[in-house]
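*Asks:* okay, sequence plus prediction incoming.
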Amino acid sequence: GENVEQHPSTLSVQEGDSAVIKCTYSDSASNYFPWYKQELGKRPQLIIDIRSNVGEKKDQRIAVTLNKTAKHFSLHITETQPEDSAVYFCAARRPGSQGNLIFGKGTKLSVKP
Amino acid sequence: GAVVSQHPSRVICKSGTSVKIECRSLDFQATTMFWYRQFPKQSLMLMATSNEGSKATYEQGVEKDKFLINHASLTLSTLTVTSAHPEDSSFYICSARDLDGVLSYNEQFFGPGTRLTVL
């Protein structure tokens, strides 16, 4: 089955700096890769996603890159702000009709003012 | 659009009792819903995939007789934790896909979660 590895587990940056979180996946047939932001005790919120036929996607300060050959994808947050502090999860959609997500272990991002 | 609700948001029960958690898609039909469990400071672990009108598909290591899933309609799935024990205390989150949604086809919409505490 699919396995998703995520690094680092914790990341501390200064406000205004960039943050990068990396994930690798094992199943080359996986075709959808979302990133979620989760604040304590709340539901995961989709912040950006990418499909396997695209190499990069950007939405304001957030971007995701995908390298299908290497089976890894990364989240890039530029000009970080204290409100970006949260736990971020990457995920990969397992191929098949039901398309359930397999999550990475998460990265706790702390943005210091 | 694409809102998923869960009820209750919090529940405290005694060991040995059963607890039912509801997951509803409010403005779309969800033929497939997913149930996750999240322990403190850990990731979301998929427990089972719930299919409307048929049996759920459980992940390896998840006891189907302990975690009963019913998906009786296109907008409602329930998870019943039977004979709950303290080790079942966790954050349970459901999600659903809007397979008819053109813009949201890929996305999974998450419920707000249910915090279960078993004493």
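*Replies:* Arrived safely, thanks for sending.
*Asks:* lowest average confidence, helix or strand, in chain A?
*Replies:* Each helix and strand of chain A was given a mean pLDDT (mean pLDDT, DSSP states H and E); the minimum falls on strand A:101-103 at a mean of 91.
*Asks:* now do the contacts for residue 70.
*Replies:* I went with chain A, as the question did not name one. When contacts are counted by Cβ atoms under 8 Å, 6 or more residues apart in numbering or on different chains, A:Ala70 is found next to A:Thr24. Yep, even glycine has a C-beta here, placed from its N, CA and C like the rest.
*Asks:* look at chain B instead
*Replies:* By Cβ under 8 Å, 6+ apart, the contact set of B:Asn70 is B:50, B:77-78, B:80.
*Asks:* now do residue 50, the pLDDT please.
*Replies:* Chain wasn't specified; assuming chain A. The confidence metric pLDDT takes the value 94 at A:Ile50.
*Asks:* I was thinking of chain B, sorry if that wasn't clear
*Replies:* Listed pLDDT for B:Ser50 reads 89.
*Asks:* show me where pLDDT drops low in chain B?
*Replies:* The model of chain B has pLDDT under 70 over residues B:1, B:99-105.
*Asks:* and the residue of it nearest chain A?
*Replies:* Proximity of chain B to chain A (Cβ to the nearest Cβ) peaks at B:Phe110, 4.3 Å away.
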